[in-house]
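>>> okay, sequence plus prediction incoming.
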Amino acid sequence: MPRDRRDYFYRKAKKEGYRSRAAFKLKQINERFNIIRKGDTVVDLGAAPGGWLQVAHELSGGKVIGVDILRIEEIEGVETIKGDIRLDSTVEKIREIIKKESGKEGADAVICDAAPNLSGNWSYDHARSIDLATSALECARKILKPRGRFVVKVFQGDMFPGFMDKVRRQFTKVQAFSPEASRKQSAEIYVIGKELLPDAVKINGRYTVTIEDIGASGDGIAKVNDFVVFVKGGKLGETLDIRIRHVKPNFAFGERVEG
Ligand SMILES: C[S@@+](CC[C@H](N)C(=O)[O-])C[C@H]1O[C@@H](n2cnc3c(N)ncnc32)[C@H](O)[C@@H]1O
């Protein structure tokens with residue numbers, strides 16, 4: 001009998017009617033990080049056979065959409081799409097469903113437990129997992145609403161810190177977490193991103209701006225792509241070059257750069 005079949009969470013999933021032991025990983029992630037909330041629109045990338053979809057549906061009671069290259073057996077109250085998350089056409093389909101069915105500007109949470117088929121070659125599998133997680137991050141960027149939440153699985157390895165940096169550039173709060181329901185010997189880890197940052201400005205990006213107003217703290221106020229940027233020492237009417245130091249969901253801080 002495979003080890004799986006004797007596993008505690010495998011048996012628990014069977015007993016409680018979940019399609020996968022992974023269901024308990026999402027429950028543990030949500031207990032800790034409150035990613036899925038009542039009424040949320042949730043998109044699950046790499047969702048087959050559907051354990052996470054069952055949990056997402058229980059937690060939100062709102063619109064839940066599952067995507068996989070494999071067919072997902074029907075779950076009441078859940079919409080499914082057969083598609084590859086790396087393709088723009090799949091992202092477009094997800095966006096259409098969110099708009100049509102929930103009437104929202106974007107999803108509240110994007111969760112991704114997708115995994116490549118494992119070859120057994122550690123560094124190859126690690127690279128493919130990072131590649132898939134990066135596609136999930138790009139997809140999340142396109143379908144999440146401002147301040148949206150994100151969870152993605154990655155197999156650890158030397159490209160992991162670089163991936164964390166990418167997530168940090170997109171979300172205000174980023175953490176890595178290993179749920180108890182992950183097997184002890186597993187290399188998987190979940191990256192949690194909260195408060196999707198706006199697309200209008202990039203951290204370390206350089207822009208030429210004009211100070212349009214002065215804030216209560218004395219900082220100059222400028223706009224980049226209609227997004228408010230506070231510039232220390234900026235004088236009213238002055239045009240100057242700035243570099244973005246910090247980005248918050250509704251505004252950013254920039255500093256003067258010379259030349
Ligand atoms: C570990 S399973 C997900 C289990 C699921 N969270 C559950 O609880 O039932 C990983 C899934 O990722 C899917 N997957 C891998 N690459 C994909 C891709 N490029 N696009 C969509 N799904 C993908 C696989 O087909 C597989 O069903």
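Cool, the structure landed.
>>> so which residues on the stretch 101-250 of the chain come close to the ligand?
Within the stretch 101-250 of the chain, the residues that sit near the ligand (Cβ under 6 Å from any ligand atom) are 113-116, 132. (Each C-beta comes from the backbone N, C-alpha and C, glycine too.)
>>> sort out for me which of the residues you listed are in helices.
residue 132 (DSSP state H).
>>> and the end-to-end length of stretch 169-183?
One end of stretch 169-183 sits 30 Å from the other (Cα to Cα, to the nearest Å).
>>> hmm, I typed the wrong one, I wanted stretch 240-257.
This stretch, stretch 240-257, spans 8 Å end to end (Cα to Cα).
>>> tell me, how many residues neighbour the residue in the stretch 151-259 of the chain that the ligand sits nearest to?
Per Cβ to the nearest ligand atom, residue 153 is where the stretch 151-259 of the chain lies closest to the ligand, at 7.6 Å. Using other Cβ atoms under 10 Å, residue 153 has 23 other residues around it.
>>> wait, it touches residue 133, no?
Yes - contact status for residue 153 versus residue 133: in contact at 7.0 Å, counting by Cβ atoms under 8 Å.
>>> overlap of the contact sets of the two?
Both residue 153 and residue 133 are contacted by 112, 114, 191, under the criterion Cβ atoms under 8 Å, 6 or more residues apart in numbering.
>>> what's the distance between the second one and residue 69?
When Cβ to Cβ, to the nearest Å is the yardstick, residue 114 and residue 69 sit 9 Å from each other.
>>> now swap in the last one and tell me
Note on residue 191: its distance to residue 69, by Cβ to Cβ, is 22 Å.
>>> ok, now residue 133?
To residue 69, residue 133 is 16 Å away according to Cβ to Cβ.
>>> pLDDT score assigned to the residue in the stretch 51-200 of the chain that the ligand sits nearest to?
Taking Cβ to the nearest ligand atom, the ligand has its nearest neighbour within the stretch 51-200 of the chain at residue 51, 2.9 Å off. For residue 51, the pLDDT comes out at 98.
>>> for it, phi and psi?
Here is the backbone geometry of residue 51 (degrees, to the nearest 10): phi -60, psi -50.
>>> thought residue 13 was touching it, still the case?
Yes - the pair residue 51 and residue 13 passes the contact test of Cβ under 8 Å, sitting 6.7 Å apart.
>>> follow-up on the earlier one: look at residue 191 and residue 69 and report which has more neighbours.
residue 191 (24 against 14).
>>> list the contacts for the more buried one?
133, 150-154, 163-164, 167, 174-177.
>>> okay, now the residue of the stretch 51-200 of the chain closest to the ligand: neighbour count?
22.
>>> tell me the contacts of it?
Residue 51 neighbours (Cβ under 8 Å, 6+ apart): 13, 18-23, 26.
>>> top of these by number of neighbours, please.
Greatest neighbour count in the contacts of residue 51, by other Cβ under 10 Å, goes to residue 26: 28 neighbours.
>>> helix, strand or coil: sort out that residue for me.
helix (DSSP: H, G, I helix; E, B strand; the rest coil).
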